[in-house]
Structure formats: C-alpha cells, structure tokens
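**Student:** Build me a model from this:
(4 chains)
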There are 2 protein chains.
Amino acid sequence: MVKRVTSMQAWEGYKNCYDCSMRSSALFSGLTEQDFEHIHEPIEQVTLKPGEVLYKVGDEGHHLFTVRSGLVKLVQYLPDGTQRIVRLMRSTDVIGLEMLVNTHYEHEAVVLRTTELCRYPKEAVMQISQTNPVLHKDLMAQWQKVLNDADAWLTKLSTGSAKKRMANLLLRLVESGSSECFLFSREDIGSILSITIETASRTISEFKRLKLMREIRSNHFDLDIEALNKIVEG
Amino acid sequence: MVKRVTSMQAWEGYKNCYDCSMRSSALFSGLTEQDFEHIHEPIEQVTLKPGEVLYKVGDEGHHLFTVRSGLVKLVQYLPDGTQRIVRLMRSTDVIGLEMLVNTHYEHEAVVLRTTELCRYPKEAVMQISQTNPVLHKDLMAQWQKVLNDADAWLTKLSTGSAKKRMANLLLRLVESGSSECFLFSREDIGSILSITIETASRTISEFKRLKLMREIRSNHFDLDIEALNKIVEG
DNA sequence: CGCGCAATTGAGTTTCGTCAAAATCGGTGG
DNA sequence: CCACCGATTTTGACGAAACTCAATTGCGCG
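**Tutor:** Below you'll find the predicted structure:
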C-alpha cells in the first residue's frame, strides 16, 4: 500500500487562482471576486511523487483536480484482477469530473511522474458553475475533451496490431514541437495497449532495431516521427 | 450514400415535452414554462429506419438528440479506412452532446434498429442549461454516463480474448429483466469488439454449440446468462 | 427459381501470449 | 569501489488465438 497524499499547501483565497500561471486553463481562472466569496474551503496545491495514489476506485471524494504538471494514470480493474489504464492525464487536464455527479471516484489515480495539482472542493465547483457562464462552459469543454480522448484511446491505442498501437502511443507521448518522449514501465505500457509486457518489450526492441526510436537515456527516446506515422497509417 | 433524414414531426411548443412519456429522462423534462419561452425553434421528433444516417463525422450541426427508442451506432474511422464503433446509443441516451462545445459532430451516427429521436436546438440547450439547475445537472449526468460507457467499452469490449469480449457484448445487449437479446450484422459486431467478421461468426457458432445461446429466430437469441458470466469472470 | 449478399466453415499463416531463462538496472552495504 | 540482491527488462522457444484467403452454405428478394 502506498501513502496517499503528501505535501499540500493551502492557498490564501483566490489571489493565487487569479495570478495563476495557468490562468487560461485552470478551472477557476475565469471566476469573479463574487464567485470566490462562495468558496469556504481553501483551494490547495498538491504535489505527488511517482507511485503515490491520489484516490482509489470507489473512494468517497469531495474534490476535483487540475493537473499543473506531471503525469497521472487513471486505472480500472478487470474481473480477473489485472489493471487497465483508461486515461493519462497531463497538464491542463481535470481529474475527477465525476465528482460533479457522483460521490465516489470511478478510477484509481496513480502518479507516474512527479505531479503538481490544484485541488478544488466539488461543492464550490458545482455551485459556481451554475452562476458563472465561463466556468460552465469550461466544464463542458473539459468533459468533451475527456470524451474525445476516450474515443482516441479506443481507436488508436486499443485497435490494430501491437506495432500500430505502440506507434500511436509514442506519437501521443511526444512533447509537442520536439521529437522526444519519455516512456514508463513495460507493465504500464502493456496495460495501456492491452498487450503483455513481453510483447511491449519486443515491439520496442524492434522499433529500436529499425531506428524508429533511439534511446537518449533510460526511458527517454528520440523518435522518427515520419516513420512512426507511416506505421500508423499502413 | 444513404438518405439522411426521414419523417420529422414538428411539436407544438412545449406541451409535448411536458406530457412526454419519457419525462423522467428526456432532456427537457425539468423545464419550466419560462424556459420554453426561450425556445424559438420547435422541438421535433424524428423517426429513422435501419441504415439511415443521422449525421457524419465533421458535419456542421445545431442539434442534440434524445433516443426515445431504437438503437444507434456512433462510428469513427481509422487511418486505413475501416470503421470502429465507439458507442451504442439506446433509450434515454443523448446523442451529440459535443454540440454544446463544438460546431461539428465527432462521429457518424447510423441507425441499427428503427429509432425515434427527439431533436433539440443546441442554442436552446446551451442557454437554458445556464439558468435551469435541473437541466444543468441532467447534462452533467448525461456526460458522465457517456464517459462511464466509454470506460466500460474499453475494459469489457476491447480487452481480453474474443470469447470474453463477445460474452460481455451479449450481456450488455440483454433486455434487462429478460434473457433475450437481438444481434446485428457480424461486421458491426466485429467493429465493436475489434475482431474480424470470421472470428465473430466462429465465436457465436461456438457459443451456440456450447448452448450458451439459442437462436429463437434470425439474430434473436436466448442467452444462458449464468454461463456467460462465468466466461467473463474466468 | 436464381441472383446477390451475408454468414459460415475450412486450411494455412501470422501474431501474440505463455513459460522460462538470461541480461540489465538500481540501490545497498561491505 | 565493488559485490550482491531484487526487480525489471529482454530474449528465446513453443503453443494458442486470431487473421487471411478461399470455398461453401444459407437467406431474402425480385
């Protein structure tokens, strides 16, 4: 069992949201001073290290989170106990939207890379979303983004040969504007693509042999994006 | 190319929504008389026959739909041109939620069984959702429902052996309270489970041989739910 | 009745999973 | 600094599952 939550720094009201470097994307960036008066619980910033668990399937919860930096996996478990990663959440993504409708989380949220989060009380989000059109629209957009991601996850990462899936995953993990990407454990890769760790390993080995990817350092690769695109299309 | 839209019957204002037999689930069931005054475009009821296309990927659109009865598939296309069914929409499901955020549809919506829909202008939904807390909450719930379905689609219908996927699909298609289900073309089944039509056919044949399902009449089956559950768990 | 399309079945090939062994990596302690 | 340990990753050999291609059957409809 892993420790659940680590460093947490309470924010002094709304100033931090107001001045937030992520204003354009953070959930509360469009709020008015009036809105903030309705928030009774402080918005907190959380930092989690790899392996730490934000919440588990079925946990009762009262918070939504915005990812400021890092990478979080959302996991569900199959009847046979194996895990399936159903989503990867990165900067500007909102985790735990289901709190606006449910009282319990639908996934297990586990940190893959050191992650900074903003934590919002769900009551505040629910209430303000009914009066503030900007937040209302933001939430809809977030919901739609998650849904689009889910569709892409299905069509690109869960359909076709292992090679195609892997190529799609690599292209998705590329830092935009560059051709580099970080990878995580073979087990996680397998649980994303629905393949075994052996197949994951073999596919990566083959890609390296074909010079589709070059290992700069441990789990950090430089990709031949053109060639990978060819595999995806082929 | 298929005809796009057939019979469409304009509704005389809000009375029909108010008296609607699906009041508890239809999108506008919780609206007040005031709300209805803001709707300039009539709400219409659409009936579509199997094979008809409600909209296509990238179509510009101004409407959301509630499924009253029937079955609609939402399809996306892969780079190689093959189709993947990413969702099945049944009674009480809302089609085209993305219209609240986008101007174009994300999928191709094709009718599998004769389907009755209620058609709502998106402007009305967007506007009223900001003032009517009931609709606001309904929309959130709908969004979450779609998301849950997407997760289940991934974990149950796109993971594991063909037998497990098929068993999961059959159990999902069962009319609740009974043990009967309708099936559609092997091609559609394949495009749901991400398997070939041959594998789909073989799996069904095997299930029939093992008495897991009995064909009452063409594509209408009586299922051994217990046994299918065992396959899913195994 | 026969045409056309969908579904089924069969045979051979490919891909992927399984099991096992070897190699590599990271951290620990002598 | 090096040896050692456990965990992860890689690689190999084999078998099972699914895909491909092709032939056959079955069904609806003119």
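**Student:** Could you tell me the per-residue confidence at the residue sitting nearest the centre point of chain A?
**Tutor:** Central residue of chain A (CA atoms, centre = their mean): A:M89, 0.6 Å from the mean position. Model confidence at A:M89, given as pLDDT, is 98.
**Student:** Can you give the domain ranges for chain A?
**Tutor:** In the assignment given by automatic domain parsing, the structural domains of chain A cover A:7-155, A:158-233.
**Student:** Would you mind listing the buried residues in stretch A:123-134?
**Tutor:** Using 16 or more other CB atoms under 10 Å in any protein chain shown as the test for burial, stretch A:123-134 gives A:124-130, A:132. All C-beta spots, glycine's among them, are computed from the backbone N, C-alpha and C.
**Student:** Give the bridge partners for the residue nearest to the centre of chain A, please.
**Tutor:** A:V72 (DSSP bridges).
**Student:** deepest of the domains of chain A, which one?
**Tutor:** Neighbour counts (mean count of other CB atoms under 10 Å in any protein chain shown) averaged over each of the domains of chain A peak at domain A:7-155, with a mean of 18.
**Student:** chain center to that one, what's the gap?
**Tutor:** Chain-centre distance of domain A:7-155: 9 Å, with CA atoms, centre = their mean, to the nearest Å.
**Student:** Does at least one residue of that domain sit close to DNA strand D?
**Tutor:** No - using CB under 7 Å from any atom of the strand, domain A:7-155 never reaches DNA strand D; the gap is at least 9.7 Å.
**Student:** Of the buried residues of stretch A:123-134, which is the nearest to chain B?
**Tutor:** In terms of CB to the nearest CB, no member of those lies closer to chain B than A:Q130, at 5.6 Å.
**Student:** Could you check which helix or strand contains the closest one?
**Tutor:** Per DSSP states H and E, A:Q130 falls inside helix A:122-131.
**Student:** Now do stretch A:28-47: distance from first to last residue.
**Tutor:** Start and end residues of stretch A:28-47 are separated by 19 Å (CA to CA, to the nearest Å).
**Student:** no wait, stretch A:205-217
**Tutor:** Terminal residues of stretch A:205-217 lie 15 Å apart, using CA to CA.
**Student:** Please say whether there is contact between that stretch and DNA strand D.
**Tutor:** Yes - against DNA strand D, stretch A:205-217 shows contacts by CB under 7 Å from any atom of the strand at A:S205.
**Student:** That stretch vs DNA strand C: in contact?
**Tutor:** No - applying CB under 7 Å from any atom of the strand, one finds stretch A:205-217 separated from DNA strand C by no less than 8.1 Å.
**Student:** Flag the shaky bits of chain A, pLDDT-wise.
**Tutor:** Chain A contains residues with pLDDT under 70 at A:1-25.
**Student:** Contact distance from DNA strand C - what residues of it qualify?
**Tutor:** Contact residues, chain A versus DNA strand C (CB under 7 Å from any atom of the strand): A:161-163, A:194-196, A:198-199, A:218.
**Student:** With distance to DNA strand D and secondary structure added, can I get these in JSON lines?
**Tutor:** Below are those laid out as JSON lines (distance: CB to the nearest atom of the strand, whole Å; DSSP: H, G, I helix; E, B strand; the rest coil):
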{"residue": "A:S161", "distance to DNA strand D": "8", "secondary structure": "coil"}
{"residue": "A:A162", "distance to DNA strand D": "12", "secondary structure": "helix"}
{"residue": "A:K163", "distance to DNA strand D": "13", "secondary structure": "helix"}
{"residue": "A:S194", "distance to DNA strand D": "12", "secondary structure": "coil"}
{"residue": "A:I195", "distance to DNA strand D": "12", "secondary structure": "coil"}
{"residue": "A:T196", "distance to DNA strand D": "9", "secondary structure": "coil"}
{"residue": "A:E198", "distance to DNA strand D": "4", "secondary structure": "helix"}
{"residue": "A:T199", "distance to DNA strand D": "8", "secondary structure": "helix"}
{"residue": "A:S218", "distance to DNA strand D": "9", "secondary structure": "coil"}
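**Student:** can you redo those residues as a markdown table with distance to B:N229?
**Tutor:** Formatted as a markdown table, the residues of chain A next to DNA strand C follow (distance: CB to CB, whole Å):
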| residue | distance to B:N229 |
| --- | --- |
| A:S161 | 31 |
| A:A162 | 29 |
| A:K163 | 34 |
| A:S194 | 21 |
| A:I195 | 26 |
| A:T196 | 25 |
| A:E198 | 30 |
| A:T199 | 28 |
| A:S218 | 44 |
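**Student:** picking up where we left off before, which stretch among the domains of chain A comes nearest B:D59?
**Tutor:** B:D59 lies closest, by CB to CB, to one member of these: domain A:7-155, at 16.2 Å.
**Student:** got a list of contacts for the helix holding A:Q130?
**Tutor:** By CB atoms under 8 Å, 6 or more residues apart in numbering or on different chains, the residues outside helix A:122-131 that reach it are A:27, A:31, A:35, A:38-41, A:61-64, A:96, A:99-100, A:135-136, A:139, B:130, B:133, B:136.
**Student:** ok, the residues of chain A next to DNA strand C vs chain B, which is closest?
**Tutor:** The closest of the residues of chain A next to DNA strand C to chain B turns out to be A:S194 (CB to the nearest CB; 5.0 Å).
**Student:** Excluding chain neighbours, what is closest to that closest one?
**Tutor:** Nearest non-adjacent residue to A:S194, counting by CB to CB, 6 or more residues apart in numbering or on different chains: B:T159, 5.0 Å away.
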